[in-house]
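Colleague: Next come a sequence and a model predicted from it.
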Amino acid sequence: MPVSKKQLQRLVKIVSLLKENRYPNTGAIVRYFNSADLYESHYTGFGCTAKTVSRDIKFLKEALGAPIRYDMERRGYFLLNPQWTFDCPMLDDAVMTGALFGARVAEQIFPEPLRSLIRNAVDCLLTSNETGMSDEAEVSSLIVRTAREVPDGAVFALVFEAWQKRNSIRVEYLSNGRMFSGIVNPHVLLFDNGIWSIVCDTPEDSAVQSLDLAGVKNAFNTDRKFIYRKDMAIALVNECPALEDSRTFDVAGDKMVA
């Protein structure tokens, strides 16, 4: 079945939302598309109805074999097999330009392993797509400076994995010349004003804390799982907490408290 350019753009974004485990429902996808119309000038005609989105999801399932299911508890769609791939045709120039510049920014502000993950993904795209840039453009001349130091690579890698898998971690944290230790649940990974931090709580206390990763000197896996608190992410989108004092922590017993 032939697919129009506008529908292909919608399909790509729907699959992206599913791959990111956002559990979008039809209404959320419509709102996302309407937002894309406002901010992404190279995408036109995203504004659509719930009926259009339902047809797109049906097309993904029936024509492309996407293992899309609906989660009644989370009230949204998800991929039964997260490894399912959507063999998308060649991307247009605007998309590739955005990906290339995103990779360049990532190289300068993201710690490993995130830096290499993004760079490798863009490298794979470049093997079968044009860059969309002028032949005279020199990407290395795009320079991004951050306000704070980059966290230790080994620490960031462990925190990044724990954030993905929702594992509690034990951290050793340096504040005001003193080393503290405690177990935290990294619900949100945040980059704000040049500062990498985790927004977390502890197994014993649900109070929200922000922890500057530059102050974390060591991190260790635990065998504990935690339940993701979506309210943290929603609150951060609406009003990001100030992180200037996030190095100020004390220890009560075996937990870190603000």
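Modeller: Structure's in. What do you need? Quantities reported herein were computed from a predicted structural model and do not represent experimental measurements.
Colleague: Show me the strands in this protein, by range?
Modeller: Ranges of strands in the chain, per DSSP state E, are 68-71, 76-79, 167-175, 178-192, 195-201, 209-212, 216-225, 250-252, 255-257.
Colleague: Could you tell me the least trusted of these?
Modeller: Here the lowest mean pLDDT among the strands of the chain goes to strand 250-252, at a mean of 38.
Colleague: want to try JSON lines for the strands of the chain, with mean neighbour count and distance to residue 62 as columns?
Modeller: Just so you know, the C-beta spots here come from the backbone N, C-alpha and C atoms, and that holds for glycine as well. Listed next are the strands of the chain as JSON lines, based on neighbours: other CB atoms under 10 Å; distance: least, CB to CB, whole Å:
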{"stretch": "strand 68-71", "mean neighbour count": "14", "distance to residue 62": "10"}
{"stretch": "strand 76-79", "mean neighbour count": "19", "distance to residue 62": "15"}
{"stretch": "strand 167-175", "mean neighbour count": "19", "distance to residue 62": "37"}
{"stretch": "strand 178-192", "mean neighbour count": "19", "distance to residue 62": "36"}
{"stretch": "strand 195-201", "mean neighbour count": "24", "distance to residue 62": "40"}
{"stretch": "strand 209-212", "mean neighbour count": "23", "distance to residue 62": "45"}
{"stretch": "strand 216-225", "mean neighbour count": "14", "distance to residue 62": "36"}
{"stretch": "strand 250-252", "mean neighbour count": "13", "distance to residue 62": "56"}
{"stretch": "strand 255-257", "mean neighbour count": "18", "distance to residue 62": "50"}
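Colleague: could you dump these to CSV with distance to residue 5?
Modeller: Converted to CSV, the strands of the chain look like this (distance: least, CB to CB, whole Å):
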stretch, distance to residue 5
strand 68-71, 22
strand 76-79, 23
strand 167-175, 42
strand 178-192, 33
strand 195-201, 38
strand 209-212, 42
strand 216-225, 43
strand 250-252, 57
strand 255-257, 51
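Colleague: Figure out which of those is closest to residue 21.
Modeller: For residue 21, the closest of these is strand 76-79, at 7.0 Å, according to CB to CB.
Colleague: Which other helices and strands does the closest one contact?
Modeller: Packing partners of strand 76-79 (3 or more CB pairs under 8 Å, 6 or more residues apart in numbering; DSSP states H and E): helix 5-19, strand 68-71.
Colleague: Of all the strands of the chain, which one is nearest residue 49?
Modeller: The closest of those to residue 49 is strand 76-79. By CB to CB, the value is 16.9 Å.
Colleague: about what we covered before: for residue 16, which of the strands of the chain is the nearest?
Modeller: Taking the strands of the chain one by one with CB to CB, strand 76-79 is closest: 11.3 Å.
Colleague: contact partners of that closest one?
Modeller: Residues from elsewhere that reach strand 76-79 (CB atoms under 8 Å, 6 or more residues apart in numbering): 18-19, 21-25, 28, 57, 66-71.
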